[in-house]
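[1] give me coordinates for this.
(one chain, ligands or ions: 1)
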Amino acid sequence: MKKIAVLTSGGDAPGMNACLRAVVRTGIYHGLEVYGIMYGYDGMIKGEIHKMESHSVSNIVQRGGTILKSARSNEFRTKEGRQKAYEQIKKHGIEGLVAIGGDGTFTGAKIFFEEFGIPTIGCPGTIDNDIYGTDYTIGFDTAINTALEAIDKIRDTAAAHDRIFFIEVMGRDSGYIAVECGIGGGAEMVMVPETKTTLNEVVEKLKGLRKSKTSSVVVVAEGDEEGSAAEIMEKVKNTIKDDTKDFKVTTLGHIQRGGSPTGKDRMLASRCGMAAVDGLLSGEANCMAGIIHDEIVYTKFEDCISKNKPLNEDTLKLIEILSI
Ligand code: F6P
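    Just a heads-up that it's a prediction; the model follows:
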């Protein structure tokens with residue numbers, strides 16, 4: 001293998017740049033030519049493919065976002081789109097790919113590998129931490145810390161006014177961010193897509209806490225089946241009917257996706273980036289390089305996409321215990 005290419009795709013995550021840097025420099029270290037593909041699979045289709053040098057990734061290890069840009073490509077979902085992408089890959093003589101992203105990115109990579117046989121290895125880049133085959137995903141730790149900083153500030157004002165705050169964090173299909181923010185931010189309750197929490201349970205819990213607490217925080221994962229934090233707040237407020245209490249909602253949104261990656265994310269990203277190139281050179285393909293119990297593990301894309309990474313029951317219990 002002489003030429004490889006790397007792309008970032010799907011929702012960006014802090015640490016993607018650190019991962020990209022590791023891919024480029026590990027490739028060059030092993031004598032490979034490394035190409036960067038702009039805008040994920042969209043850029044592959046359009047042939048936005050540029051040779052990268054060691055200096056192309058200078059001064060990015062600490063930067064959020066992705067210098068390769070990212071996109072969610074609809075065209076790559078079509079056979080014609082993937083055919084165009086393959087023609088570009090062939091034209092540039094690329095023999096291996098590294099795809100940094102989440103489950104959507106790996107689904108695309110798997111189909112592309114099955115259709116055209118270009119060896120591809122993924123690196124888990126998503127703030128959601130919902131990828132099977134790695135203990136943590138790149139960006140998760142930074143997102144948690146960003147959200148916690150905001151939650152701490154909200155707690156100050158919540159306490160000053162004896163208010164009940166519903167705080168929405170990201171996680172379309174996954175409650176990892178909500179659970180860790182709930183524990184670290186001292187939330188009274190956490191609502192996540194993986195487990196059902198009824199509005200009645202929220203109402204009862206908040207009523208029960210009235211004797212011991214003057215303010216409360218409920219962390220809601222974006223994907224909770226009861227609705228958005230704003231919708232849940234309205235319904236709970238209308239049920240509790242307590243004119244002495246103010247109910248407020250804050251949606252943290254995309255601030256969770258930005259910012260300089262934490263040390264933990266830079267380390268994870270760098271190790272996964274190196275492992276992706278090492279994997280390609282040793283014949284691995286159609287799989288993701290993740291870290292489990294501090295060891296590099298290659299997990300087939302099929303498993304990364306289809307297998308569930310359940311929330312740890314202990315952590316859910318912890319929220320219940322710590323919020324009495
Ligand atoms: O997958 C990462 C993620 O941040 C989710 O938590 C969130 O639901 C989604 O991306 C938002 O995507 P977009 O930026 O495309 O709206």
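[2] in this structure Leu97 contacts Ala5, no?
    Yes. Using C-beta atoms under 8 Å, Leu97 is in contact with Ala5, at 5.5 Å. All C-beta spots, glycine's among them, are computed from the backbone N, C-alpha and C.
[3] overlap in contacts, the two.
    Ile89 (C-beta atoms under 8 Å, 6 or more residues apart in numbering).
[4] please enumerate the strands of the stretch 201-324 of the chain.
    216-221, 247-251, 287-292, 295-300 (DSSP state E, counting those that start in this stretch).
[5] tabulate the ones you listed (TSV), appending distance to the ligand.
    Shown next, in TSV, are the strands of the stretch 201-324 of the chain (distance: least, C-beta to the nearest ligand atom, whole Å):
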stretch	distance to the ligand
strand 216-221	9
strand 247-251	12
strand 287-292	15
strand 295-300	19
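[6] same drill for Leu97 and Ala5, tell me which one is more crowded.
    Taking neighbours as other C-beta atoms under 10 Å, Leu97 and Ala5 compare with Ala5 leading, 28 against 24.
[7] what helix or strand does the residue nearest to that one when sequence neighbours are not counted sit in?
    Spatially, and ignoring its direct neighbours in sequence, Ala5 is nearest to Tyr35 (4.1 Å; C-beta to C-beta, 6 or more residues apart in numbering). For Tyr35, the host element (DSSP states H and E) is strand 33-37.
[8] that older thread, among the strands of the stretch 201-324 of the chain, which is the most enclosed?
    Burial of these is given as mean neighbour count (mean count of other C-beta atoms under 10 Å); strand 216-221 ranks first at a mean of 28.
[9] so it versus strand 247-251, what angle?
    Per axes from the mean of the first three to the mean of the last three C-alpha atoms, to 10 degrees, the angle that strand 216-221 makes with strand 247-251 is 40 degrees.
[10] residues making contact with strand 216-221?
    151, 154-155, 158, 164-171, 174-175, 177-178, 181-182, 185-193, 202, 206, 209, 228-229, 232.
[11] among the residues you listed, which are in helices?
    Taking DSSP state H as the definition of helices, those contribute 151, 154-155, 158, 177-178, 181-182, 202, 206, 209, 229, 232.
[12] let's have those residues in a markdown table, adding distance to Ala276.
    As requested, the ones in helices among the contacts of strand 216-221 are arranged in a markdown table below (distance: C-beta to C-beta, whole Å):
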| residue | distance to Ala276 |
| --- | --- |
| Ile151 | 34 |
| Ile154 | 38 |
| Arg155 | 40 |
| Ala158 | 43 |
| Ile177 | 25 |
| Ala178 | 29 |
| Cys181 | 29 |
| Gly182 | 32 |
| Val202 | 43 |
| Leu206 | 46 |
| Leu209 | 47 |
| Ala229 | 36 |
| Ile232 | 40 |
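[13] quick check, nearest of those residues to the ligand?
    Nearest to the ligand among the ones in helices among the contacts of strand 216-221: Ile177, at 7.3 Å, using C-beta to the nearest ligand atom.
[14] my guess is the closest one contacts Asp141. True?
    No. In this structure Ile177 lies outside contact range of Asp141 using C-beta under 8 Å: 10.6 Å.
[15] close to the ligand, is stretch 42-54?
    No. Stretch 42-54 does not reach the ligand (C-beta under 6 Å from any ligand atom); its nearest approach is 13.6 Å.
[16] no wait, stretch 224-234
    No. Using C-beta under 6 Å from any ligand atom, stretch 224-234 stays clear of the ligand, coming no nearer than 11.7 Å.
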